[in-house]
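Novice: All I have is the shape, not the residue letters:
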């Protein structure tokens with residue numbers, strides 16, 4: 001049985017566009033993988049976003065443990081070395097197998113989308129989480145970056 005996991009970054013998007021993307025793809029669970037779910041961008045901080053999603057019958061779950069640490073974010077910002085970031089982040093998430101398993105349970109049941117800031121999934125830790133989920137998934141898992 002093929003399952004789909006969506007990923008979405010809100011960089012360059014307004015809240016209306018972002019929510020429209022979620023609804024048009026029938027997302028039922030938005031899984032926030034930012035370590036700190038605050039944003040300077042209006043509507044994208046945890047409590048504001050959760051309220052908007054609830055009105056659309058979309059569940060919000062914050063997986064703080066899967067966020068990249070400030071140290072890693074600073075490393076990436078200072079060096080622009082995503083390969084080095086990838087190596088360091090994969091070490092970090094080895095201690096979060098329980099959260100990966102929790103994500104797998106959600107993905108099997110429903111339409112889920114990983115949320116982070118970066119527009120480009122290939123330059124974001126959510127792609128590394130998706131890679132880990134593909135490895136752990138017992139059947140086919142397709143990743144779609146929105």
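Specialist: That came through fine. Bear in mind that the values here come from a model prediction, so they are computed numbers and not experimental data.

Novice: Only C-alpha atoms from now on, for both contacts and neighbour counts.
Specialist: OK.

Novice: Who does residue 143 form a beta bridge with?
Specialist: Note on residue 143: beta-bridge partners by DSSP bridges are residue 5.

Novice: Number of residues surrounding it?
Specialist: 17 (other C-alpha atoms under 10 Å).

Novice: which ones are touching it?
Specialist: 4, 5, 6, 7, 130 (C-alpha atoms under 8 Å, 6 or more residues apart in numbering).

Novice: How confident was the prediction at residue 100?
Specialist: Looking at residue 100, its pLDDT is 88.

Novice: ok, back up a step: by neighbours, which of the contacts of residue 143 wins?
Specialist: Of the contacts of residue 143, with other C-alpha under 10 Å as the count, residue 7 tops at 23 neighbours.

Novice: Tell me the pLDDT of that residue.
Specialist: Confidence for residue 7, expressed as pLDDT, is 97.

Novice: ok, now which ones touch the residue nearest to residue 66 when sequence neighbours are not counted?
Specialist: For residue 66, ignoring the flanking residues on the chain, the nearest one in space by C-alpha to C-alpha, 6 or more residues apart in numbering is residue 33 at 5.5 Å. Listed by C-alpha under 8 Å, 6+ apart, the contact set of residue 33 reads 62, 63, 64, 65, 66, 67, 114, 115, 116, 126.

Novice: Residue 54 - nearest residue in space that isn't next to it in sequence?
Specialist: residue 60 (7.8 Å).

Novice: and that neighbour, bridged to which residues?
Specialist: Residues in beta-bridge contact with residue 60 (DSSP bridges): residue 30.
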